[in-house]
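Asks: How does the following fold in three dimensions:
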Amino acid sequence: MAEHSGRADHAFPPPQREGLYRAIHERRDVRAQFLPDPVPPEVLARLLDAAHHAPSVGFMQPWDFLVIDSLEVRRRVHRLFLQENERGAQQFSAERQQAYRRLKLEGILESPLNLCITCDRSRGDGPVLGRTSIVDTDLFSTCLAVQNLWLAARAEGIGLGWVSILDQQELATILDLPEQVYPLAYLCLGYVSEFLQQPELARSGWRQRLPLTELVHGNGWGQALADEALHEALREVAKPCQP
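Replies: Residues are numbered from 1 along each chain as shown. So this is what the prediction gives:
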């Protein structure tokens, strides 16, 4: 990785930077590759600590972490998934439904551990600095905790899968959540047999990664970048195309 000629006194050493970018590019939404090996407590503690160090608007830290190792609870969540997955499939065309039903979309029972990251929408003691205009910044902040956890898990060699095909109200009932606590992310965690070279949906042909150069605008929507050097750098960073 080339060193920039400008100020770099706060930059990580190259091997550490490369490790961070590797975690970003090799992170996968894992569904089918889980191994039964347990996640050691000290490793799980590091992952949760990484999540807890996510940034949050107004430093509200709206997250809590429910560690779910009960097979009975996981079976109830799995039944909920099956119900919602069937409803989800029916929203696609007949041809798309066939492709949908071939996809493996969760690892609730296969993974050794489930984790639910919640958002306490009442946290912050009155008006929260930075949240007075955009109320949903508590949800956005909790998503950053999920991303921290995901990258740390990849660095530890642990797979993580986000199960989004769940009725959130029913999930909250299963987990006995207080009324003001929203179950933002239901996750499956565990060591894996492999990390796929491509995201599973790309590999299956469901959807491909969009070209970065088509997603970067200059000064207004749809306007070309004024900085031609940045445009060229974006083209260069995409070679070879990132999985």
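Asks: Would you double-check that Leu230 falls in a strand?
Replies: No. Judged by DSSP: H, G, I helix; E, B strand; the rest coil, Leu230 forms no part of a strand; its state is helix.
Asks: Kindly provide the distance from it to Gly218.
Replies: 9 Å (C-beta to C-beta, to the nearest Å). (C-beta placed from N, C-alpha, C; glycine too.)
Asks: and the one helix or strand Val77 maps to, what other elements does it pack with?
Replies: Using DSSP states H and E, Val77 falls within helix 71-89. Judged by 3 or more C-beta pairs under 8 Å, 6 or more residues apart in numbering; DSSP states H and E, helix 71-89 is in contact with helix 94-102, strand 113-120, helix 168-174.
Asks: go with 7 Å
Replies: helix 94-102, helix 168-174 (3 or more C-beta pairs under 7 Å, 6 or more residues apart in numbering; DSSP states H and E).
Asks: Buried residues in the longest one, which are they?
Replies: Applying a neighbour-count criterion of 16 or more other C-beta atoms under 10 Å, the buried positions in helix 94-102 are Tyr100.
Asks: could you give the angle of that helix to helix 71-89?
Replies: Angle of helix 94-102 versus helix 71-89, following axes from the mean of the first three to the mean of the last three C-alpha atoms, to 10 degrees, is 170 degrees.
Asks: what does helix 94-102 rub up against?
Replies: Ala89, Phe92, Trp206 (C-beta atoms under 7 Å, 6 or more residues apart in numbering).
Asks: need the contact list for the first one.
Replies: Each residue near Ala89 by C-beta under 7 Å, 6+ apart is listed here: Gln97, Tyr100, Arg101.
Asks: If we use 10 Å, what do you get?
Replies: Arg96, Gln97, Gln98, Ala99, Tyr100, Arg101, Leu103, Leu105, Ile165 (C-beta atoms under 10 Å, 6 or more residues apart in numbering).
Asks: What's the end-to-end length of stretch 147-162?
Replies: 11 Å (C-alpha to C-alpha, to the nearest Å).
Asks: for the record, mean pLDDT for that stretch?
Replies: Averaged across stretch 147-162, pLDDT comes to 98.
Asks: list the buried ones in the helix holding Val77?
Replies: Val73, Arg74, Arg76, Val77, His78, Leu80, Phe81, Glu84, Asn85, Ala89.
Asks: can you give me the helices for the chain?
Replies: 14-26, 41-52, 71-89, 94-102, 137-155, 168-174, 200-203, 228-237 (DSSP state H).
Asks: could I get those as TSV with distance to Glu110?
Replies: Compiled in TSV, those are given as follows (distance: least, C-beta to C-beta, whole Å):
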stretch	distance to Glu110
helix 14-26	21
helix 41-52	18
helix 71-89	10
helix 94-102	17
helix 137-155	16
helix 168-174	19
helix 200-203	14
helix 228-237	35
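Asks: Please name whichever of those is nearest to Asp125.
Replies: helix 137-155 (13.0 Å; C-beta to C-beta).
Asks: Name the residues of that closest one that are buried.
Replies: 137-138, 141-142, 144-146, 148-155.
Asks: Name the nearest residue to the most centrally placed residue in the chain, sequence neighbours excluded.
Replies: For the chain, Gln147 is the residue whose C-alpha lies nearest the centre (C-alpha atoms, centre = their mean; 5.0 Å). Closest residue to Gln147 apart from its sequence neighbours, by C-beta to C-beta, 6 or more residues apart in numbering: Ala54 at 7.3 Å.
Asks: That neighbour: neighbouring residues, count only.
Replies: 17 (other C-beta atoms under 10 Å).
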